[in-house]
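Sequence and predicted structure, then a few things I'm wondering about:
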Amino acid sequence: MTRIIQLESPISLEKLAGQLQAEFRGDPEFKIQSVANLEHADSGSLSFFSGKRFLSDLQTTEAGVVILSKENSLLFPGNSIYSENPYATFSQAVGIMKVEEEPIPKRDQSAIIDDSAVIADNATIGAGVIIEAGVVIGEQVLIGNGSSIHRGVEIARSCRIGANVVIGRGVTLGERCKIEPGAVLGATGFGYTHLDEEWLPIPQLGSVIIGKNVDIGANSTIDRGTLGDTVIEDGVKIDNQVHIGHNVHIGAHTILAGCSAVAGSVKIGNRCRLGGRVGILDNLEITDDVHIAATSVVTRSIAEPGMYSSVVPAQSVAKWRRNIGRIRNLDRWAVKIEKKLKQEHKED
Amino acid sequence: MTRIIQLESPISLEKLAGQLQAEFRGDPEFKIQSVANLEHADSGSLSFFSGKRFLSDLQTTEAGVVILSKENSLLFPGNSIYSENPYATFSQAVGIMKVEEEPIPKRDQSAIIDDSAVIADNATIGAGVIIEAGVVIGEQVLIGNGSSIHRGVEIARSCRIGANVVIGRGVTLGERCKIEPGAVLGATGFGYTHLDEEWLPIPQLGSVIIGKNVDIGANSTIDRGTLGDTVIEDGVKIDNQVHIGHNVHIGAHTILAGCSAVAGSVKIGNRCRLGGRVGILDNLEITDDVHIAATSVVTRSIAEPGMYSSVVPAQSVAKWRRNIGRIRNLDRWAVKIEKKLKQEHKED
Amino acid sequence: MTRIIQLESPISLEKLAGQLQAEFRGDPEFKIQSVANLEHADSGSLSFFSGKRFLSDLQTTEAGVVILSKENSLLFPGNSIYSENPYATFSQAVGIMKVEEEPIPKRDQSAIIDDSAVIADNATIGAGVIIEAGVVIGEQVLIGNGSSIHRGVEIARSCRIGANVVIGRGVTLGERCKIEPGAVLGATGFGYTHLDEEWLPIPQLGSVIIGKNVDIGANSTIDRGTLGDTVIEDGVKIDNQVHIGHNVHIGAHTILAGCSAVAGSVKIGNRCRLGGRVGILDNLEITDDVHIAATSVVTRSIAEPGMYSSVVPAQSVAKWRRNIGRIRNLDRWAVKIEKKLKQEHKED
């Protein structure tokens, strides 16, 4: 159980608050030894209070330091760091304290690297990695074990590519992208046209262009474009098992939760939020700042920012069977009701 | 066509029934040569009768031995093994007869194994496998070709890991787990908080803890926890392309069919059954013994055991278009109808 | 941006039209230098006009040659190739002009190939590929980096297998199949039966048999059969992240868009079309020429060709909340309305 995560090197409250540029209260010399949530923290832990839901945890926590908003400062008597967004400040603190071990740059001798590839000296290339001709890999990039980086791919500085990732011919990634294991970027798009009785594949000659600071989840797939490119703009966050079709364009800072699927040639604006397993049919355009509830299906373009949904929540089977039975004959029944009402009106 | 599967070494009816601790009827010396279903069996085959649906197959089968319940014994005149659960007994028989070839333990010379890893002598390590520092691998474990086992992973005895699986840092598996190809255990969970215009990643420092006898399907993904762990208890069975978010807890002997998705911090009880492509929204709690119909979406916690559904079955497009047209305006129409009925009542 | 794709070797209009067996108009000596869509084409580009939607692009295009139907010939004054199906003819032209680079056949020295495997001399085996005992690989086959081809697999001529693909024991592929990266063919099917408190796995002894000219998308999974086989017939096209359960049979020239899921033992006919994320419950039979709208769920067998749907389109949350509130109580409300109408009728 990794509920309390120990730091490699403890840090004083004063020093951490300084680096966070945050106000603090309590013993400046207090040494933070670990991080944990309120429930599991011990007397050396840094923790955070992010909402009323955790009020009882706050009242009983043993945490040595709690990050919380100033207006909540009376709720916890101990060492505190003030922040209007405690979860964000905690996340930044974890970064500062280097909780997650950095790899020592090295090029595993089992990696198979084409002579024409250009790889920064301080990049880390995992075991069994395959890097083809013309690839360019920037400073501090990490390529995970068993990944396959195809001809002409360009990966900018500080990207982290997980294990067993496939990056297809010519795909480009901006700096600080994070690609989780098993993701496939630049597979052939799915396009066919009928010729006689058979399906003739439409050439998929475009590429995938990924901006800066984009995250892509495990086993997600992003197809290359047909003649143009598939484009993912800066700061987009994509969860696991998401499917992005050919020639899709996703605007900056849009976020797609797990198992979402975006069909070919869809254009999604900036700062949109797609819940888990959202589906968007092909060739639609979604404007900026659209939020779509998990499992909803978008069948028409959306020109107005706001929240959209078609979630159908589960009920007890007994109840749902009766409801879905009605739904399956809803129009017929509604017509009957309307007719009846009309007749009665006439009878009146 | 592999419809009749030949045994490496035939077995007599008496010996097999003895090992199954089951009653039998017929020639004790009869040699079972193969296994097959009733339809395809030949005179040397062991088969089974599991329900009325297969009655006509039973009447015409050429099978040499049929496993069936005693109450059905009159339906088949030949050699029989009696069981109240013929499919289970057949499955056990297949295990006893070693139909599926066991690998000869070996460590492929192409595997890249860190010196600090502790691997049982009779474990089988496939070609191109990568095993990082501090990994512990138990007796009779099989690691498939090209899999990547990261720092500190522990895999207990008799686990079978398929090809191209990724098991992330520190993940632990209990004995007898079976992980299908392409699965990713311990990818980074999907958590972000807003900071200014951008998404700030929340640290994902927890791990994944998997119990005994858990099966996980091809290309499924199970994310590590944020501060606590993602936990899969004993005997859980997970199909292909299932997504399990960070900090999820799945109780013992629960089964999740293909393409299901469980969002972050969900707690599912023991002995639940999720049909294919079920979705469960984040932070919900599902009690024990809940069955959820395939493709349903769970939007609230479920405190009562039983069956739940929100399946919307396909109809002919002509019919569905009229029904969905009603649904999209259902509230407005219902208000109108209610108003009309009220008016008429007044008019009366 | 790869919006204009240059040819390795230019080709004259006359020569290309001859190879396409198509009528043309204009300068027979005109040299085609590149391909592009109408919007991005330059004066050396071959392009195509496939429908009214692109009429304004046609009027302003700089393309050197346009493929279009004869009846539209007046819409473009320049060099033209006539075709009743311009997109298909363009796709064929791209094939003729060898826009996509052919690999030079070679066997990467890092590949691990069992001595008993039989591999055509002009097959290409990528880096880190693992080929087990008894595998047969035909002429001009390409196996991508890091793929794992298990015992007894047979891959017929001109197949192209992407990177990090897993093809399980005994699976067979007909000629000209294309398997995208990360796909898993022949994983264990998902079948269990209850025994006491636990789930007992049902043996999955069958295989996967794939016909000619089948395409399978990135990270898709096709499970092996239990006793019979899973069968994908000629010309089937399967998109990314599609899941095909054990013992499924898919008829010739059927097409399945991204994220579709077909549960165990389903039989789908010839020339069917499944939109994205269609779900089909287990043991159903779908006849030939059935089209199912994206995201629909099939819960009963379909015996009549035609179009089927259960799509629920997203609305603004405010509107949808009211509608779904009605749906969740639809039967109760409908009963109330019917009762009221009856009463009023009696009162009349």
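The structure has been received and is ready for your questions. Predicted, not measured: the structure shown is a model, and the values here were computed from it.

Only C-alpha atoms from now on, for both contacts and neighbour counts.
Will do.

So which bits of the stretch 51-200 of chain A are right by chain C?
A:112, A:128, A:130, A:146, A:148, A:164, A:166, A:182, A:184, A:187-188, A:190, A:193-195, A:197-200 (CA under 8 Å from any CA of the partner chain).

Please flag which of those sit within strands.
A:112, A:130, A:148, A:166, A:184, A:187, A:193-195, A:198-200 (DSSP state E).

Which PyMOL command selects the buried ones in those?
Buried subset of those, written as a PyMOL selection, criterion 16 or more other CA atoms under 10 Å in any protein chain shown:
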select buried, chain A and resi 112+130+148+166+184+187+193+198+199+200
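
Quick check: buried residues in the helix or strand bottoming out on mean pLDDT in chain A?
Lowest by mean pLDDT, DSSP states H and E among the helices and strands of chain A is helix A:330-347, with a mean of 84. Within helix A:330-347, the residues scored as buried using 16+ other CA under 10 Å are A:330-331, A:334, A:337, A:341.

If we check chain B, which of the residues you listed are in contact?
Near chain B, by the rule CA under 8 Å from any CA, you find A:330-331 out of these.

Let's have the buried residues of helix A:330-347 in a markdown table, adding distance to chain C.
Output for the buried residues of helix A:330-347, formatted as a markdown table (distance: CA to the nearest CA, whole Å):
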| residue | distance to chain C |
| --- | --- |
| A:Leu330 | 10 |
| A:Asp331 | 12 |
| A:Ala334 | 10 |
| A:Ile337 | 8 |
| A:Leu341 | 8 |
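
all helices of chain A, in order?
Under the criterion DSSP state H, chain A contains helices at A:13-20, A:55-60, A:86-96, A:317-327, A:330-347.

Tell me the helices and strands packed up against the fourth one.
Using 3 or more CA pairs under 8 Å, 6 or more residues apart in numbering or on different chains; DSSP states H and E as the contact test, the elements touching helix A:317-327 are strand B:306-309, helix C:330-347.

and the last one, what other elements does it pack with?
So the one you mean is helix C:330-347. Using 3+ CA pairs under 8 Å, 6+ apart: helix C:330-347 touches helix A:317-327.

who touches the helix it packs on?
Applying CA atoms under 8 Å, 6 or more residues apart in numbering or on different chains, the contact partners of helix A:317-327 are A:314, B:307-310, B:312, B:323, B:327, C:327-331.

what is the mean pLDDT for it?
The average pLDDT for helix A:317-327 rounds to 96.

Check what pLDDT the residue of the stretch 101-250 of chain A found nearest chain C gets.
Of all residues in the stretch 101-250 of chain A, A:Gly228 sits closest to chain C, at 4.6 Å by CA to the nearest CA. Per-residue confidence (pLDDT) for A:Gly228: 90.

again, but for A:Gly275
At A:Gly275, the predicted lDDT confidence score is 98.

Next: the one 4 residues further on.
Among the per-residue scores, A:Gly279 shows a pLDDT of 98.

Just grab the bridge partners of it for me.
With DSSP bridges as the criterion, A:Gly279 is bridged to A:Ala261, A:Val297.
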